[in-house]
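> Here is my input, please return the structure:
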Amino acid sequence: MTTTYPSSNTQTDRAGDPSQPLVELRSMTLQFSRQTILNKITLSIPRGQTLVVIGESGCGKTMLLKTVVGLTRPRSGQVVYDGDDIHTLNDHDLTNLRCKFGFVFQNAALFDSMTIGQNIAFPLQQHDLAQGRDVNRIVFDRLAEVGLPDSVAAKRPAQLSGGMRKRVGLARALVLEPELMLYDEPTTGLDPIMSDVINELMLRTSAKPDVTSLIITHDMKTAYKVADRVIMLYPFSRLEKGEDQIIFDGTPQELEQASDRRVRQFVNGEAGERLMELRSSALENFE
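Next comes the predicted model:
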């Protein structure tokens, strides 16, 4: 999984070039104290692609997402967005760059003290983009886009179901018309029908011109339904020496035929070998 990239001094020339990837991770390593979470991750996401990242809890999926948007700084390597290494940007430029991102949080992360309308309008207010615009119309348009009526705008998050809150979170992420959509476990805690509603909404969003999507999920139905491409991360602590942390990279169709037993076990939800590993680890700690 080694990819050759142009040298970093070509980044400015490449910015905005539709033939180049929108996001690149170049041998990116993330550590906390002595614990390595992500090790030398090299990944390229073309413009317009929907990339789904799967893997068991603790393998670094959410930290990958946070590093892509600049919330977490890598120990080494680069995170390149549209030709720019985002971790070399100053605070002002990084804030402006984040206007191009739409982030859908695992638990929607709505502000309880605000109405739904205020929640959706928040990015416009935060980035001082509301002047001279019909904010209510924008809010109603985004609500309609996720299948919610105008009347929801006056409610508080506590008055909505989990599925409705997820859709409001998506509406808020869409309000700035981002070019990169990021989803952290978008269907967690939802029933099968509402999960599929969210999947359909993600498909519609991904179908928009120039929208690139990065989705973190455990839900294999989501992966098979919405992905153009799937990668699987494996916990660094359990890799063989020198082994790539991305143990699968391919289409959903190729995922079904994956030969790596770890991939098959995850996709099929088979706990046998992993349970034995956990038991062995517990016994070692006990001794």
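> In contact with the nearest residue to A227 once chain neighbours are set aside, which residues?
Nearest in space to A227, with sequence neighbours left out and distances taken as C-beta to C-beta, 6 or more residues apart in numbering, is V52 at 3.9 Å. Every C-beta, even on glycine, is put in place using the N, C-alpha and C of the backbone. Residues in contact with V52 (C-beta atoms under 8 Å, 6 or more residues apart in numbering) are 215-217, 222-223, 226-227, 229-231.
> Could you count how many residues lie near K221?
13 (other C-beta atoms under 10 Å).
> which ones are touching it?
So K221 contacts 192, 195-196, 199 (C-beta under 8 Å, 6+ apart).
> can we see that at 10 Å?
Contacts for K221 (C-beta atoms under 10 Å, 6 or more residues apart in numbering) come out as 187, 192, 195-196, 199.
> what helix or strand is it on?
Element membership for K221, per DSSP states H and E: helix 220-226.
> Tell me which other helices or strands whichever helix or strand comes after that helix touches.
With elements assigned by DSSP H and E, the helix or strand that comes after helix 220-226 is strand 229-233. Contacts defined by 3 or more C-beta pairs under 10 Å, 6 or more residues apart in numbering; DSSP states H and E place strand 229-233 against strand 35-45, strand 50-54, helix 61-68, helix 220-226, strand 246-250, helix 252-256, helix 261-268.
> out of these, deepest packed?
Ranked by mean neighbour count, the helices and strands packed on strand 229-233 are led by strand 50-54 with a mean of 23 (mean count of other C-beta atoms under 10 Å).
> mind listing what that strand pairs with, with the direction of each?
Using DSSP bridges, strand 50-54 pairs in its sheet with strand 212-216 (parallel), strand 229-233 (parallel).
> Turn the ones you listed into a markdown table, including mean neighbour count.
Shown next, in a markdown table, are these (neighbours: other C-beta atoms under 10 Å):
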| stretch | mean neighbour count |
| --- | --- |
| strand 212-216 | 24 |
| strand 229-233 | 23 |
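> Dump those to JSON lines, plus distance to F32.
Shown next, in JSON lines, are the strands paired with strand 50-54 (distance: least, C-beta to C-beta, whole Å):
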{"stretch": "strand 212-216", "distance to F32": "19"}
{"stretch": "strand 229-233", "distance to F32": "16"}
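> Dump those into JSON lines; add mean pLDDT as well.
Output for those, formatted as JSON lines (pLDDT from 0 to 100):
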{"stretch": "strand 212-216", "mean pLDDT": "97"}
{"stretch": "strand 229-233", "mean pLDDT": "97"}
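> out of the ones you listed, nearest to T62?
strand 212-216 (6.0 Å; C-beta to C-beta).
> Just the angle for the closest one relative to helix 61-68, thanks.
Between strand 212-216 and helix 61-68, the angle comes out at 150 degrees (axes from the mean of the first three to the mean of the last three C-alpha atoms, to 10 degrees).
> Now do strand 212-216 against strand 35-45, angle only.
150 degrees.
> how about the strands in this structure?
Ranges of strands in the chain, per DSSP state E, are 23-32, 35-45, 50-54, 76-81, 84-85, 101-104, 180-184, 212-216, 229-233, 246-250.
> What pairs with the first one, parallel or antiparallel?
Strands flanking strand 23-32 in the sheet, each with its direction: strand 35-45 (antiparallel), strand 76-81 (antiparallel) (DSSP bridges).
> between it and strand 180-184, how big is the angle?
40 degrees.
> ok, and the closest non-adjacent residue to N39?
Leaving aside its sequence neighbours, N39 sits nearest to F236 (C-beta to C-beta, 6+ apart; 4.9 Å).
> quick one: pLDDT of that neighbour?
At F236, the pLDDT value in this model is 94.
> measure it to R165 for me?
Distance, F236 to R165, using C-beta to C-beta, to the nearest Å: 33 Å.
> and what of V197?
13 Å.
> Also Q106?
11 Å.
> Of these two, which one has the most company?
R165 (20 against 16).
> what residues are up against that one?
Here R165 is in contact with 107-110, 116, 119, 157-159, 189 (C-beta under 10 Å, 6+ apart).
> closest to L143 among those residues?
Distances from L143 to the contacts of R165, taken by C-beta to C-beta, are shortest for I116, at 7.8 Å.
> you'd agree that closest one is up against Q159?
Yes. If you go by C-beta atoms under 10 Å, I116 and Q159 touch, sitting 8.6 Å apart.
> Need the residues touching each of these two.
Common neighbours of I116 and Q159 (C-beta under 10 Å, 6+ apart) are 152, 165.
> higher neighbour count, those two?
I116 (26 against 12).
> All good on my end, thank you.
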